[in-house]
Structures are given as C-alpha cells and as structure tokens.
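1. Fold the following.
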Amino acid sequence: MLGTYELVSMVTTFAAELAMRIRSKNIGHSMKYYGPLSIRAAKEEKQFVTWHDQKIAFPENIWKVVESAHAHRSFIIGRPFSQIRYIEMRMLTSMHPLYGLQHDYPEPKFKTTEARDEFMKDLENKGIEDHPGNTLARQAFATQYILPPQDGDFLRMTIPTLTSKLSLVHLLLREEMGLGFANLSPQIFAMCHLYNCFLKRGLITGSWPEIELMMDWHLEKIFLKEVPNKPGDFYSRLLLAAGFGTKFIKQTRERNKNLHRNIDYGKATHKTSELEPLPMTKILRDYVHKRDTGVRSWYRMDEEMAKHSGNSSRTQGTGDLNILSFIKGLRDSEQLPQLLQRLEFDYIGLTLQCNELCHQIDVEQGKLFGGIQAQDEAHWKSPTNYGFMLVATLLGDLDRIFLEKERDRKGSKHLAHTTAAVDAAVRVMQDFLDGS
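-> Numbers count the residues shown, from 1 in each chain. Next up is the predicted model:
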C-alpha cells in the first residue's frame with residue numbers, strides 16, 4: 001500500500017508501523033533496539049560519574065547541554081516515574097477494571113536488590129497490596145478501550161523509530177557536550193600541531209589514532225585545509241590557525257634578531273581554535289533543540305546532501321520533498337557514516353588525555369629549569385589555554401633554530417637541532433605512544 005504512491009506522509013508511515021508492532025507476536029523489539037541503547041547510556045553515566053569524582057570541571061556556558069545529556073541518559077536508563085506508576089497501579093481498588101495492573105508490567109528498576117526489597121516492604125507497611133486481580137478481565141478491557149496502551153514504555157520499547165530518536169538525541173547531546181568541553185581547553189587543537197611537527201621531523205615514532213582522526217575530521221580548522229610538512233611552516237601555521245595576524249607572526253619569528261623589540265599584535269583574524277561539528281549535525285541539533293521544525297530540517301538535510309551528490313529529492317514543479325527518495329538518498333549518502341562516527345567519538349576523554357600530556361611536559365620542563373613552578377594537576381581539570389602556550393613555545397623554539405640555520409648555513413652547524421625543553425616534550429610524548 002505504501003509503495004503505491006511516491007509521496008508518503010510520515011504520520012501515515014508511523015501509524016502503519018505502530019499498527020504492525022501492536023499486532024506482532026515478536027517480543028524481541030526491546031532486546032534488539034532498546035537494550036543496547038540502555039546499556040550504552042548506563043556506561044556513559046558511569047563514565048560521567050567518574051569524571052565528577054575526579055573533580056573535572058564542566059564550565060557554566062556548556063552546563064545546560066551537560067544537564068540535558070544527563071537528564072536524557074536518566075530517561076533512558078531509569079525510565080522515570082516508573083516507581084510512581086507502579087505505586088499508582090497497586091493502589092487501584094478491587095472495583096476498578098484494571099485491578100492488579102502492576103502484574104502486566106515489569107517491576108520498576110532499582111540499583112540494588114536491597115533497595116528493591118526496602119521499597120516493596122515500605123508499600124506493604126502502608127497497606128498497599130500487591131493483588132494479582134483478574135488477568136483475563138484486564139486484557140479484555142484493554143482490548144476494548146486501550147489500544148495502544150497509554151504507557152510511554154510501550155512505545156519506547158516496541159517502536160524502533162522512537163528508540164532511534166532517543167538514540168539520536170543521546171548522541172547529539174553527547175557530541176555537543178564533548179566539543180564544548182574540548183573547545184574551552186584547546187589542547188586537542190594544540191596537540192595535533194605538536195604531534196604532527198614531532199612526527200614529520202622524525203623526533204617521535206609510532207601513531208596516535210585519535211589525534212590523527214582529529215587531524216582528518218577537522219583539517220580545515222586545525223591546519224587551514226593542509227597539514228604542514230616543512231620545518232618552516234609548523235610554528236606559523238599554529239599561530240595562523242589560532243587567529244593571530246600575519247604581521248604578528250612575522251615579527252614573532254624575527255624577534256630572535258632583537259629580543260628587546262616590541263611586537264605589534266596587530267589585528268586578529270576570524271579564525272579560532274574551536275573544533276566544529278559537521279553541517280548535517282548542526283541541522284539535527286536545531287531540530288533536537290526545537291530551533292527548527294522536523295519538516296524544515298528534512299529540507300535542509302536534503303539541501304546539504306545535494307551539495308555533495310548534486311541530486312535533490314524535491315519533486316520538479318512543486319518543490320515538495322519526496323520522502324521515499326529522501327530516505328533512500330540519506331541511506332546511500334556517505335555523510336551518514338561520517339556523521340555517526342563523529343557523534344560517537346569521546347572528545348572529553350581525548351581532551352583529558354591531552355591535558356595530562358601537557359601536565360607531564362610542564363612538570364618535566366620545570367625539572368630542567370630550576371625555579372619555574374609547573375601548574376599543579378588540578379589546573380588541568382578546569383578550562384585552560386596553558387597547553388596551547390606550552391606547544392607554541394616548543395614549536396617556536398624549533399622554528400628559531402630552523403631560521404638561524406637558514407640564515408647562516410655554514411656558521412650554524414654547531415647549533416643543536418632541538419632544545420632541552422623540546423627534548424623533554426619528545427620524551428613524554430614518546431613514552432605515551434609506546435604505552436598506548
């Protein structure tokens with residue numbers, strides 16, 4: 001029936017799927033669709049609690065997203081108000097046609113068996129009985145008056161489209177929280193430059209897959225579309241990509257000629273160290289945060305896909321969206337796998353990893369130069385730009401040596417290829433790569 005027409009209403013599609021699920025004898029929908037989502041949300045909540053115990057600070061300007069993500073995870077894991085619903089069902093009187101309804105639904109979830117026993121004992125002490133009632137009578141009443149059951153868990157546990165939306169919101173909030181955290185401590189941005197420089201100059205060996213993913217995904221923001229390979233480009237590309245003007249960069253690189261020269265910072269550019277989500281992700285965020293309607297979001301997604309494929313799902317003449325063509329195009333598009341891979345990435349974990357590396361580098365440099373106090377460990381658990389400063393100093397040292405060698409190729413043969421500070425950073429990064 002649905003394949004008879006080219007244009008199909010999404011409401012009709014949802015209603016048809018709902019009807020099929022109600023009539024289906026298959027009870028595996030929950031295990032297939034909702035179970036994995038619930039397990040994943042529980043693991044992430046455990047990870048979040050671990051960060052909280054470590055006193056990792058989530059800044060106020062992303063706290064709204066953090067709270068939304070926490071509430072959404074709780075909604076998936078705990079299925080809120082289930083305990084209240086359970087109590088209300090047990091309180092139905094013997095005259096009610098659904099008396100004993102609590103036996104037709106799973107019991108509410110509890111963290112421990114002891115918590116469950118205490119909850120049930122409390123209900124017994126209050127005289128709220130657990131009477132089984134008449135199962136057949138309840139089923140007959142429900143068949144006549146309640147179809148589908150007026151229960152959120154029924155829809156959530158049996159309709160894959162609703163479970164998929166829960167999963168989508170979960171992933172979108174997770175990435176938004178992670179990117180927000182990463183951008184307030186731009187150590188990922190800085191570490192991409194440091195890792196690339198050390199690797200290209202042969203100072204380290206091995207690979208760091210997560211950082212290489214960042215270099216690939218955020219190539220335009222981190223390296224201005226092209227990863228530097230030449231010794232004279234590493235330092236200047238870091239500063240340019242971070243938003244420093246060319247006049248400042250030129251004066252900074254020439255400062256070793258006159259260390260007492262005042263530097264004109266000039267005018268900053270529009271570039272920043274902030275990592276950005278994919279355009280498709282921005283569209284879905286607007287939909288999830290109700291900044292745009294569902295229909296408008298579909299049209300925007302179609303426009304975004306058309307930029308890459310050259311094909312639009314709009315019907316010629318009317319300009320209406322052919323929903324079947326749109327869904328097929330979305331499935332065939334390369335953007336969907338790219339989108340999901342990035343939504344599932346742990347930006348917070350990588351930021352903390354980069355912060356720890358910067359902390360170790362800072363400590364090692366402090367040992368080299370007596371009297372210079374390294375930032376304590378707590379400093380790296382809150383938003384900080386100090387890692388960027390460390391990396392800029394290291395790349396600046398290497399750039400200074402390169403420029404000196406270029407200016408006097410014969411007389412500079414005695415110059416070392418690195419500095420003590422750079423060597424300390426290389427040891428820390430190599431130890432990390434060897435360990436990972």
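
2. Secondary structure element holding Lys328?
-> If you go by DSSP states H and E, Lys328 is part of helix 323-332.

3. model confidence over the next helix or strand after that helix, on average?
-> Toward the C-terminal end, the helix or strand that comes next after helix 323-332 (DSSP H and E) is helix 335-343. Across helix 335-343, the average pLDDT comes to 88.

4. Repeat that for stretch 289-298.
-> Per-region confidence: stretch 289-298 scores 90 on mean pLDDT.

5. Check which residues of it are buried.
-> 292, 297-298 (16 or more other C-beta atoms under 10 Å). All C-beta atoms are positioned from the backbone trio N, CA, C, and that covers glycine.

6. Which residues does that stretch contact?
-> With contact meaning C-beta atoms under 8 Å, 6 or more residues apart in numbering, stretch 289-298 is reached by 10, 283-287, 300, 321, 323, 326.

7. From those, which land in helices?
-> 10, 283-287, 300, 323, 326 (DSSP state H).

8. For stretch 296-309, buried residues please.
-> Under 16+ other C-beta under 10 Å, the buried positions of stretch 296-309 are 297-302, 304-305.

9. Return the residues in contact with Asp332.
-> Applying C-beta under 8 Å, 6+ apart, no residues qualify as near Asp332.

10. Pull up the gap between it and Gln338, please.
-> 13 Å (C-beta to C-beta, to the nearest Å).

11. returning to that earlier point: put the alpha carbons of the helix holding Lys328 into CSV.
-> Coordinates of each C-alpha in helix 323-332 appear next as CSV, following Å, rounded to 0.1, in the frame of the first residue of the first chain:
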residue,chain,number,x,y,z
ILE,A,323,10.1,11.4,1.3
LEU,A,324,10.9,8.0,-0.1
SER,A,325,13.6,9.4,-2.3
PHE,A,326,14.9,11.4,0.6
ILE,A,327,15.2,8.4,2.9
LYS,A,328,17.0,6.4,0.1
GLY,A,329,19.4,9.3,-0.5
LEU,A,330,20.1,9.5,3.2
ARG,A,331,20.9,5.8,3.3
ASP,A,332,23.2,6.0,0.3
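
12. what would the contacts of stretch 289-298 look like in JSON lines with distance to Leu194?
-> Compiled in JSON lines, the contacts of stretch 289-298 are given as follows (distance: C-beta to C-beta, whole Å):
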{"residue": "Met10", "distance to Leu194": "48"}
{"residue": "Ile283", "distance to Leu194": "34"}
{"residue": "Leu284", "distance to Leu194": "33"}
{"residue": "Arg285", "distance to Leu194": "31"}
{"residue": "Asp286", "distance to Leu194": "35"}
{"residue": "Tyr287", "distance to Leu194": "37"}
{"residue": "Arg300", "distance to Leu194": "37"}
{"residue": "Leu321", "distance to Leu194": "46"}
{"residue": "Ile323", "distance to Leu194": "48"}
{"residue": "Phe326", "distance to Leu194": "43"}
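
13. Filter those down to just the buried residues.
-> Applying 16+ other C-beta under 10 Å to the contacts of stretch 289-298 flags 283-285, 287, 300, 321, 323, 326 as buried.

14. Let me know the closest of the residues you listed to Phe141.
-> Ile323 (37.7 Å; C-beta to C-beta).

15. Tell me where the model's unsure across this protein.
-> Flagging of the chain using pLDDT under 70 yields the residue ranges 1-30, 79-82, 106, 146-158, 255-266, 371, 410-414, 436.

16. That one - how does it break down into domains?
-> 17-178, 185-275+346-435, 279-343 (automatic domain parsing).

17. Can you tell me which of these is most buried?
-> domain 185-275+346-435 (a mean of 17; mean count of other C-beta atoms under 10 Å).

18. how long is that one from one end to the other?
-> Domain 185-275+346-435 has an end-to-end distance of 24 Å (C-alpha to C-alpha, to the nearest Å).

19. just stretch 124-142 next, same as before
-> 27 Å.

20. and what of stretch 73-92?
-> 31 Å.

21. helix, strand or coil for Phe119?
-> Following DSSP: H, G, I helix; E, B strand; the rest coil, we place Phe119 in the helix state.

22. Tell me how far Leu101 lies from Pro108.
-> Leu101 is 14 Å from Pro108, by C-beta to C-beta.

23. nope, Ala41 is what I was after
-> Ala41 is 17 Å from Pro108, by C-beta to C-beta.

24. now do Glu304
-> Distance from Glu304 to Pro108, by C-beta to C-beta: 42 Å.

25. which residues touch the helix or strand containing Gly35?
-> Per DSSP H and E, Gly35 falls inside helix 35-53. Residues outside helix 35-53 that contact it (C-beta under 8 Å, 6+ apart) are 70, 72-74, 76-77, 163, 166-167, 170, 174, 348-349, 352.
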